[in-house]
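In: A predicted structure for the sequence below; I have some questions about it.
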Amino acid sequence: MKTKYCLLFAIPLALAACQSEPEVGDLLYPATPETYEAKVYINETAMPGNQHTTKVLRTPYGVQAQADTVSFYVRLTKPVAQDVTVGVAQVDSLAAGFADDATALPAKFTSVVTPSVTIPAGSMVSSAPVRVALTHLDEVEASGVAPIAISTIQGEAVAGADHQVYYVAVNYEETQSRVKSQSSKDLKALTKIDPSSYTVTVGGATIAELNDGDKETYYVNEAPGKYELIIDLGAEKPVSAFAFQWGYEKGYCPNSVEILTSLDGTNWTTITDGYNDVAYIPNTASTTFPFVLYEPIQCRYAKVRLGDCSYGLDYGDDYNYPVLSEVRLYQ
């Protein structure tokens, strides 16, 4: 029996003695050994990280966009004893890393102003940022992204496993809206048209409360929900802005407004390209909600459609009575 026990104890020892060295690719012997060299990477933490988006909006008055320059820094995981020079380039094949359906932005719309930067010895960040200029934005006709990737490294460092690309994106949209802003500051630069020079009607009935200059008087439609009013200027005039005072608590203020204009009361031109959300600002009886145009539009008539109010959207038709106090037009 003692001999049997000895043989049983000997078996594991024999197996251990016969076991070969771990194969390449095993956890004990990885195919790519871990390296502790300094690694170059891009990590702009402002959300969303490692990307910048510029909006290009095509309106009836042309493209609204500003030439934009994007900046970001290149970094090291640890300092090294010598300068590290890093080159970057636009690599269109990496566009899918931004979004599955992303397409590369044609090179004519980007210019890498600083194609290389230096990380000084002892530092972990480039002394100057990479700068990418967006140009010819008035010629953009579709959304796209320019992937700016680390392309070359000179010095005692290697490329990191990730964070190697910064995405410069253009979001392109088209609209028939002629509204430049809902800014009170823009409105102050204009001249108010005398309210007594125009009439406001709803369903053919004149509503004097809507242009009487008294913010304490207001109109509520008999039926719940959306309704429209017609403004007759009496003659053709250039109009640069429309403004409204709700004159009531926020819950009964319209959430959206649609504006159209006409020379003859029959053929209408859209101003807002459908319903526009009303800018959310604290509302009092004297708060003015403006819609300032890019350019004056010649018209005699204006049609204003008021959208549902917040209470109506939340609680149903029994509470859906959008309120309006004053309608003002500006030149």
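Out: Arrived safely. Numbering: from 1, shown residues only.
In: worst-scoring helix or strand of the chain, pLDDT-wise?
Out: helix 2-18 (a mean of 43; mean pLDDT, DSSP states H and E).
In: and Ala149, what is it in contact with?
Out: Val88, Ala89, Gln90, Val91, Leu94, Gln164, Val165, Tyr166 (C-beta atoms under 8 Å, 6 or more residues apart in numbering). For the C-beta atoms, the positions are set from N, CA and C on the backbone; glycine is no exception.
In: from those, list just the buried residues.
Out: Val88, Gln90, Val91, Leu94, Gln164, Val165, Tyr166 (16 or more other C-beta atoms under 10 Å).
In: and which of those is nearest Tyr319?
Out: Tyr166 (49.1 Å; C-beta to C-beta).
In: and that closest one, what element?
Out: strand 165-174 (DSSP states H and E).
In: convert that strand to PDB, retaining C-alpha atoms only.
Out: Extracted in PDB, the C-alpha atoms of strand 165-174 (Å, rounded to 0.1, in the frame of the first residue of the first chain):
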ATOM      1  CA  VAL A 165      -7.900  60.700 -33.700                       C
ATOM      2  CA  TYR A 166      -9.700  64.100 -33.300                       C
ATOM      3  CA  TYR A 167     -12.900  64.500 -35.400                       C
ATOM      4  CA  VAL A 168     -13.700  67.900 -37.000                       C
ATOM      5  CA  ALA A 169     -17.300  67.600 -38.000                       C
ATOM      6  CA  VAL A 170     -19.600  69.800 -40.100                       C
ATOM      7  CA  ASN A 171     -23.400  69.500 -39.500                       C
ATOM      8  CA  TYR A 172     -25.200  70.800 -42.600                       C
ATOM      9  CA  GLU A 173     -28.900  71.800 -42.600                       C
ATOM     10  CA  GLU A 174     -31.200  73.600 -45.000                       C
END
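In: given that strand, what are its sheet partners and their directions?
Out: Its sheet considered, strand 165-174 pairs with strand 51-59 (parallel), strand 144-154 (antiparallel) by DSSP bridges.
In: counting contacts, what elements does whichever helix or strand comes after the longest one pack onto?
Out: To tie it back to what came earlier, the one meant is strand 144-154. Next helix or strand after strand 144-154 toward the C-terminus (DSSP H and E): strand 158-159. Where contact means 3 or more C-beta pairs under 8 Å, 6 or more residues apart in numbering; DSSP states H and E, strand 158-159 is packed against strand 39-41.
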